[in-house]
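Chemist: Make a model of this:
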Amino acid sequence: MGLDERLLELRKKEHLSQEEVADKLNVSRQTVSKWETGQSTPDFDKILPLCELFNISTDELIKGEKEEEEKVVVNNTTEIRKKRAKGIGIGILSYFIAVVWIMIAIPVLFINPIVASGIFLLIGGIGTTYIVYTCIVYKKEKEKKDEDPLLKKIESIVSMITLTIYLLVSFATMAWHITWILWIIYALVIEIIKLMLMLKENKNEE
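Modeler: Numbering: from 1, shown residues only. The predicted structure follows:
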C-alpha cells in the first residue's frame, strides 16, 4: 500500500472529510486530494502534523510497518489454527479407528479379548497423545479467551447426556466393563465439535 492509499484509509478511519483534514493542516482541499490520489506527496513539514492528526508514528505513515506486522500476525495465527485443526483431526481419526477395531476385533475376527482391548487402548492413547501434543505446541493466541463460552455450554450439555445414558445403560445391562466406551465416544464428539468450531472460525477470518 502506497502513501496515497494510506492517507485515504487513515482519513476514512477517522471519519474526516478532505476539508477537515485541510483545515487542520492549513492546506487546501485540493492539496489533500492530490496526496490521496498520488499526484503529489506531503511536504516534510506536514509529516508530523499528519502523524499527530491520525495518531500514528512516522514509520507507520511512510512505510506502513505496523500494517505489515499485523499481516504477519494474522498469517501466523491462521497457520497455527490450521495445524491445530490438522492435529485434532488426526486424533479424532484415531478414535474412530479404535472404535471400529473394538467393534470387529472380537465378534468378527475372533481375536483374544485381552489383545483386542490392548490394541484398542493403544490406538486411543495414540490419538489422545496427538491431540494433547497439538494443543500444547500450537496454543491459541494470548488475546483470545481461554475458553469459548459456546464450547463450554456444549461440553456441559453433552457430558450430562452422556452421563445419563451411561448410568441408564449400565444399570439396565450391568455391562459396566463395556459401557465405559461411551466416554470414549463423548471425548470423540467433543473433539469433533472443537474441530468444527475451529474450522468455522478460520473460514470467517479468511
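
Chemist: does residue 111 sit in a helix, a strand or a coil?
Modeler: The assignment at residue 111 comes out as coil when based on DSSP: H, G, I helix; E, B strand; the rest coil.

Chemist: For residue 126, which non-adjacent residue is closest in space?
Modeler: Once flanking residues are discounted, residue 126 sits nearest to residue 94: 5.5 Å by CB to CB, 6 or more residues apart in numbering. Yep, even glycine has a C-beta here, placed from its N, CA and C like the rest.

Chemist: Was I right to think the one you found contacts residue 122?
Modeler: No. If you go by CB atoms under 8 Å, residue 94 and residue 122 don't touch, sitting 9.9 Å apart.

Chemist: who's more crowded, these two?
Modeler: Set residue 94 next to residue 122 and count neighbours by other CB atoms under 10 Å: residue 94 wins out with 21 against 13.

Chemist: dump the residue contacts of that one.
Modeler: Applying CB atoms under 8 Å, 6 or more residues apart in numbering to residue 94 gives the contacts 123, 124, 126, 127, 130.

Chemist: got it, and residue 191?
Modeler: Residue 191 sits next to 88, 91, 92, 95, 131 when contact means CB under 8 Å, 6+ apart.

Chemist: of the residues you listed, closest to residue 162?
Modeler: Residue 162 lies nearest to residue 95 out of these, by CB to CB, at 14.4 Å.

Chemist: May I have the predicted confidence score for that closest one?
Modeler: Looking at residue 95, its pLDDT reads 80.

Chemist: what's the answer for residue 29, then?
Modeler: Predicted confidence (pLDDT) for residue 29: 90.

Chemist: neighbours around it, how many?
Modeler: Here the count is done by other CB under 10 Å, and residue 29 has 14 residues near it.

Chemist: Can you verify my assumption that it contacts residue 19?
Modeler: Yes. Under the criterion of CB under 8 Å, residue 29 makes contact with residue 19 at 5.1 Å.

Chemist: okay, and the common contacts of the two?
Modeler: By CB under 8 Å, 6+ apart, no residue touches both residue 29 and residue 19.

Chemist: before we move on, the earlier item: beyond the helix or strand harbouring the residue nearest to residue 126, next helix or strand please.
Modeler: Taking DSSP states H and E as the definition, residue 94 sits inside helix 65-105. Using DSSP H and E, the helix or strand that follows helix 65-105 in sequence is helix 113-137.

Chemist: gap between that next one and the chain center?
Modeler: In terms of CA atoms, centre = their mean, to the nearest Å, the centre of helix 113-137 is found 25 Å from the chain centre.

Chemist: for it, packing partners?
Modeler: helix 65-105, helix 181-205 (3 or more CB pairs under 8 Å, 6 or more residues apart in numbering; DSSP states H and E).
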